[in-house]
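Engineer: Provide a 3D model corresponding to the input given below.
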Amino acid sequence: VGTSVHSVESAVNAVVNHGADYLFVGTCFLTQSHPEKVLEDDLEGPGLPGEVRRKLDELGYEHVPCIAIGGIGADNCHIPIENGADGVASIRA
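Structural biologist: Residues are numbered from 1 along each chain as shown. Okay, the predicted model is just below:
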């Protein structure tokens, strides 16, 4: 069972306290899926999935994939990967 998270703290909670098997981590980029986020400052950003990955590794949860979401497309999918995400997911690529 997986869940979406928007902070390192919520990711740790989802895995440690609720047993999440995988995480969707974002919002990385502006997206129609979150119309309330209109400025880049409103986003969690493409670095968050890597931050979550590193924290879970530190806690011994290397097996839980951290998948970047939010505004992912062919032009920017490499950015979260370069920052440590395990993969990316896209609705509109």
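Engineer: residue contacts, residue 62?
Structural biologist: residue 56 (C-beta atoms under 8 Å, 6 or more residues apart in numbering). Every C-beta, even on glycine, is put in place using the N, C-alpha and C of the backbone.
Engineer: Please apply the same query to residue 44.
Structural biologist: By C-beta under 8 Å, 6+ apart, the neighbours of residue 44 are 6-7, 25-28, 70.
Engineer: nearest to residue 81, of those?
Structural biologist: Set against residue 81, the nearest of the contacts of residue 44 by C-beta to C-beta is residue 28 (10.9 Å).
Engineer: Return the residues in contact with the nearest residue to residue 34 once chain neighbours are set aside.
Structural biologist: The spatially closest residue to residue 34, leaving aside those adjacent along the chain, is residue 27, at 5.3 Å (C-beta to C-beta, 6 or more residues apart in numbering). Going by C-beta under 8 Å, 6+ apart, residue 27 touches 6, 33-34, 37, 43-44, 69-71.
Engineer: circling back to that earlier point, now render the contacts of residue 44 as JSON lines, adding distance to residue 86, secondary structure and pLDDT.
Structural biologist: Listed next are the contacts of residue 44 as JSON lines, based on distance: C-beta to C-beta, whole Å; DSSP: H, G, I helix; E, B strand; the rest coil; pLDDT from 0 to 100:
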{"residue": "6", "distance to residue 86": "17", "secondary structure": "coil", "pLDDT": "96"}
{"residue": "7", "distance to residue 86": "18", "secondary structure": "coil", "pLDDT": "98"}
{"residue": "25", "distance to residue 86": "9", "secondary structure": "strand", "pLDDT": "98"}
{"residue": "26", "distance to residue 86": "13", "secondary structure": "coil", "pLDDT": "95"}
{"residue": "27", "distance to residue 86": "17", "secondary structure": "coil", "pLDDT": "95"}
{"residue": "28", "distance to residue 86": "13", "secondary structure": "coil", "pLDDT": "97"}
{"residue": "70", "distance to residue 86": "15", "secondary structure": "coil", "pLDDT": "96"}
